[in-house]
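Student: Could you work out the structure for the sequence below:
(2 chains)
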Amino acid sequence: MEQTGPRLSVASEDGVSVVQLADKRILDERTIAEIGEQLYAMVGASDKPRMVLDFANVAHMSSSALGMLITLHKRVREKEGDLRLCRIRPSIYEVFVITRLNEVFQIHEQREQAVAEAASA
Amino acid sequence: MQETKVIPTDLQAARSFAEEFLGKVAAKGFADGDLFAVRLALEEALINAIKHGNRSDPDKFITIAAEVNGEAIVITVTDQGGGFDPDHLPDPTADENLEKPCGRGIMLMRVYMDEVSFNDRGNQVRMVKQRG
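Tutor: Residues are numbered from 1 along each chain as shown, chains lettered A, B, ... in the order given. Next up, the predicted model:
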C-alpha cells in the first residue's frame, strides 16, 4: 500500500551520494514522481554528480520506474557525472536483462564496489 | 470464481484492487515468481488503462475481471479509451529505443504472463498466468 515515509535516505561516501531507496515497491506514478524529483534535485545541485542507488529494499518495480532511472541517467551524464546501481534482487535484475537496461546502467552486486567505482570515475 | 469490478480512473483505486486480488492469489499458494509476474503485469495493465486508455479522465471507468483458481490466474482489464494497435509498437530493446523512458510495459506483460491478447479495438487486454 501507499507509503508516506521518506522515499530515500542519502549518505555521502568518498564524494559519492549513496542513495538507499526505502520503498519495497516502486510501482505507481506518484511514488515514482516523488523519488524522481528528489534524485533530479540532487543531480541539479551538483557540478559533477556521482551517485549510487542501493536497491536492497526494492522488491517490485514497474516500467515507469525504469523510465525514471533512464531520465536520471541522462541528467547525470549531461553533467559528466557517474551513476551506478547496486544490490538489485535477482527478480528485478531479470527485468533489467529482459529490457536490455543492464547494458545501459552500471550495475554492481556490492555497494562498496559501486561506491569505489563511482568515486574514481 | 470470476470477480468483476468497475473502478474509477484513479491510481489509489487501482492499487486497492491490485492488493486485494494479489492477496487472493497468494492465498491460493502460487509461488513467489508467479506473484511477481502477476503484480508486474497487472500494474502495467492498470497504468496503461489509466494513462493511455482513459487519459486520466476522472469521468471514465476501468472494468477489471479477475479470476484465480488452482491452476491459473486470468485478468481482463478494459478501459474506455479509443484503443491502440498492439502489433505495431516500437521494440523497446532495439538499440535506437534502449534509452527512451517509455514503451516497455506491454513487452513486460508479454514476457511475464503466459498469454496476453487484446480485443480488436485495443482497449481491452486479457492476461493469463498458469501456475509455475
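
Student: my guess is A:Ile107 contacts A:Arg84, does it?
Tutor: Yes: with contact defined as C-beta atoms under 8 Å, A:Ile107 and A:Arg84 form a contacting pair (7.3 Å). C-beta coordinates here come from the backbone N, C-alpha and C atoms, glycine included.

Student: When those two are compared, which one has more neighbours?
Tutor: Neighbour comparison, A:Ile107 and A:Arg84: the larger count goes to A:Arg84, with 24 against 19 (by other C-beta atoms under 10 Å in any protein chain shown).

Student: Can you classify that one by secondary structure?
Tutor: Classification of A:Arg84 into helix, strand or coil gives strand, according to DSSP: H, G, I helix; E, B strand; the rest coil.

Student: Now do the helices in the chain.
Tutor: Unless you meant another one, I'm taking chain A. A:29-44, A:63-78, A:90-98, A:111-120 (DSSP state H).

Student: actually chain B
Tutor: B:11-27, B:32-47, B:105-112.

Student: Pick the most buried one from these.
Tutor: For the helices of chain B, average neighbour numbers computed from mean count of other C-beta atoms under 10 Å in any protein chain shown are highest in helix B:32-47, which has a mean of 22.

Student: name the helices or strands packed onto it?
Tutor: strand A:60-61, helix A:90-98, helix B:11-27, strand B:72-78, helix B:105-112, strand B:124-130 (3 or more C-beta pairs under 8 Å, 6 or more residues apart in numbering or on different chains; DSSP states H and E).

Student: starting at the chain centroid, how far to the first one?
Tutor: Averaging C-alpha coordinates over strand A:60-61 and over its chain gives two centres that are 13 Å apart (C-alpha atoms, centre = their mean, to the nearest Å).

Student: hmm, that strand in reach of chain B?
Tutor: Yes: for strand A:60-61 and chain B, the contact criterion (C-beta under 8 Å from any C-beta of the partner chain) is met by A:His60.

Student: Run a quick neighbour tally on the residue in chain A positioned nearest to chain B.
Tutor: Across chain A, the shortest distance to chain B (C-beta to the nearest C-beta) belongs to A:Gly67, at 3.5 Å. A count of nearby residues for A:Gly67, using other C-beta under 10 Å, gives 18.

Student: Next up, the contacts around the nearest residue to it once chain neighbours are set aside.
Tutor: Leaving aside its chain neighbours, A:Gly67 sits nearest to B:Pro101 (3.5 Å; criterion: C-beta to C-beta, 6 or more residues apart in numbering or on different chains). For B:Pro101, the contact set (C-beta atoms under 8 Å, 6 or more residues apart in numbering or on different chains) comprises A:66-68, A:70-71.
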